[in-house]
Structure formats: structure tokens, C-alpha cells
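Peer 1: Below are the sequence and a predicted model for it; my questions follow.
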Amino acid sequence: MDRTHPHPLPHDHDHDHDTDGLAEILDLDAEVLAEHLRSLTAWLPLRTGPRRIVDLGCGTGTGTFALLDRFPDAHVIAVDASAALLQRLRAKARDNGLDDRVSTVQADLDASDWPDLGSPDLVWASASLHHLSHPDRALRTVRDALAPGGLFAVVELAGFPRFLPEGTPEERPGLEERCHALTDRHQAEHTPHRGADWGPLLTAAGFTVEGRRTLAIDMAGSRSEAIGRYALASLSRIRHATAAGLHPEDLAALDRLLDTDGPHSLLRRDDLAVRTERTVWAARA
């Protein structure tokens, strides 16, 4: 799986539902954290403005569109394993008059033979490399593909975002952390590279790491009405992944939060926030 994905949870059996839910979360993540993403793209230690960019694990285009905005002379090749997410990205590009600046490629980044992506000046991989079974092979492939002096930007998450205040909900304090503990156990088994320090891995693949920046995010819900929808979509996905392992009272409390018509709905709360952390490594080929 290679997607720009802040919530890499176990797959749903209903593929269409899973893709729709994932796409919604990716779009909300882009909307809510747009300011922070602009900060990351502005920080990149580029020598000149890139003309050819590859977005690995592009999802619905969070990085693609941020990079197009940051670099107005660039063309982005957006790569993902999901045809449905790429279709959504292309539709966004058309709607925004950017279809002539975006190409999409469907590819599995864990495969030993990647499609020809040319010689990009910048390769961007956000929350995608930790999904790979053979990230060292992918890093070497990127190094070989980059134009001389090209830059590889790896963005990874410290963990899933948190939304609820500590000690809530009142009837089941700590509910969100218990949900995350269950997903963390699953991730430790299935995505062992999540949370890795990519600096040494990049160095071993032949890169020179020129910078690392960690962005701690704590955004109050009052900053954006989309935070409630982001929390709802995210915790709904977590509920699907953790239901079998949750205590029945925890599951009931979570369902009350997710009931959009109920008095305890997340959408009715005025104390939500987005708390998360993103780290970017900038490496020169």
C-alpha cells in the first residue's frame, strides 16, 4: 500500500466504502493542515525551483497540489497504487484548471520494477514509505532516478492525530488513547517502519541528509469547522478497526461520539483540537 495516509488502519472488506472513507480523511487532512503543509514545502532546501516533481503515494493529492502551488513552473507526476484515489486526484486537477500540470501513474512502490518516472528534480513521499515491505529498495530506486543534485523529501507521522481533550468523554476518560493503543499494536505487527528515523536509512541508501524538521501541531477546533468532520471521519475509521478489541462500555461511548444526531456527537463539541506531529527529512542524491 502506498498512499499519503494519516490513518493507515486495517483494510475494510467493503473496498468501495474503504476507498471513500480514506479519500474523505485525506481531503480533510489537507484542508485542516494546509497552513502547516505550506510551511513544510517552504522549508525545503532547494537550490533552484524544481520543474519536474514526483509525489510517491500521492493519495488524493495533498502533496501534489501543495507542491503545484509552491512551485508554479513545476509539473507533478502523482504515483499511487489506488486507481480510485488517482481518479479523484485527476478530477480535482481538472476542477482547478491544473490538469495540464499533473500526470498520474498507478504503481505499487513495493514492486521491484517501478515505471519510468524520468529524472525528477524533487521527489516527495508523505506518510507512504512506512507502508513498504522493502523501503531500502525504494530509497535506492529514488536515488538512482533523481536528477543530479535533486532532493528527496520524506515526510512521516509520529502517530495518528488526537482530537479529544484529556480525561474525556466523562463517562469513559481516556477512551481515545485506548483506541489508539489497539491500532498501535496492529501497526507494530504490520508496518514496522512506522515511526522510524529515516535519516540513517537515507544515508545507507546513498543520500546526504541536509536537514530535518519536526512540526508539532496543536490546532484548536475554533480554527476550522472542518476539524469536527475530520475527527468524525478519523474516529469512525478507528472504530471499524478496533471494535472487536474494545471494552463494550468503550465501544458504546465511542458510538455516542460518532452518532451525528445524538447529544454527545463530536460535531456538537466545542473542545476538539488536532494534535499531531510531522517530521520531514530533506536528502540530496
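Peer 2: Cool, got the structure.
Peer 1: just the strands in the stretch 101-250 of the chain please.
Peer 2: Counting by DSSP state E, counting those that start in this stretch, the stretch 101-250 of the chain has strands at residues 102-106, 122-126, 151-157, 208-220.
Peer 1: ok, and the residue nearest to Met219 when sequence neighbours are not counted, which helix or strand is that part of?
Peer 2: Spatial nearest neighbour of Met219, chain neighbours left out: Val274 (4.5 Å); criterion: Cβ to Cβ, 6 or more residues apart in numbering. In short, each C-beta sits where N, CA and C put it, glycine included. Using DSSP states H and E, Val274 falls within strand 273-284.
Peer 1: Could you tell me how far that strand lies from the centre of the chain?
Peer 2: Distance, stretch centre to chain centre, for strand 273-284: 10 Å (Cα atoms, centre = their mean, to the nearest Å).
Peer 1: Which other helices and strands does it contact?
Peer 2: helix 34-43, strand 151-157, helix 198-204, strand 208-220, helix 226-242 (3 or more Cβ pairs under 8 Å, 6 or more residues apart in numbering; DSSP states H and E).
Peer 1: Contact partners for Thr104?
Peer 2: Thr104 sits next to 58, 77-80, 86, 89-90 when contact means Cβ atoms under 8 Å, 6 or more residues apart in numbering.
Peer 1: again, but for Thr60
Peer 2: 4, 23, 26-27, 30, 85, 88-89, 92.
Peer 1: How about it: what's its closest non-neighbour residue?
Peer 2: Once flanking residues are discounted, Thr60 sits nearest to Leu26: 4.5 Å by Cβ to Cβ, 6+ apart.
Peer 1: okay, now that neighbour: neighbour count?
Peer 2: Per other Cβ atoms under 10 Å, the neighbour tally for Leu26 reads 25.
Peer 1: Let the chain start at 208 from now.
Peer 2: With 208 as the first residue, the last one maps to Leu233.
Peer 1: Secondary structure element holding it?
Peer 2: Going by DSSP H and E, Leu233 is part of helix 222-239.
Peer 1: Redo the helices and strands packed on strand 480-491 as a markdown table? Include mean pLDDT, distance to Ala345 and mean neighbour count.
Peer 2: Output for the helices and strands packed on strand 480-491, formatted as a markdown table (pLDDT from 0 to 100; distance: least, Cβ to Cβ, whole Å; neighbours: other Cβ atoms under 10 Å):
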| stretch | mean pLDDT | distance to Ala345 | mean neighbour count |
| --- | --- | --- | --- |
| helix 241-250 | 95 | 21 | 16 |
| strand 358-364 | 95 | 10 | 24 |
| helix 405-411 | 96 | 10 | 17 |
| strand 415-427 | 95 | 16 | 13 |
| helix 433-449 | 94 | 26 | 21 |
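Peer 1: Which stretch among the ones you listed approaches Ala492 most closely?
Peer 2: Ala492 sits nearest to strand 358-364 of all the helices and strands packed on strand 480-491, at 6.8 Å, using Cβ to Cβ.
Peer 1: thinking again about what came up before, the residue nearest to Met426 and Ile434, how far apart?
Peer 2: Here Val481 is placed at a distance of 6 Å from Ile434 (Cβ to Cβ, to the nearest Å).
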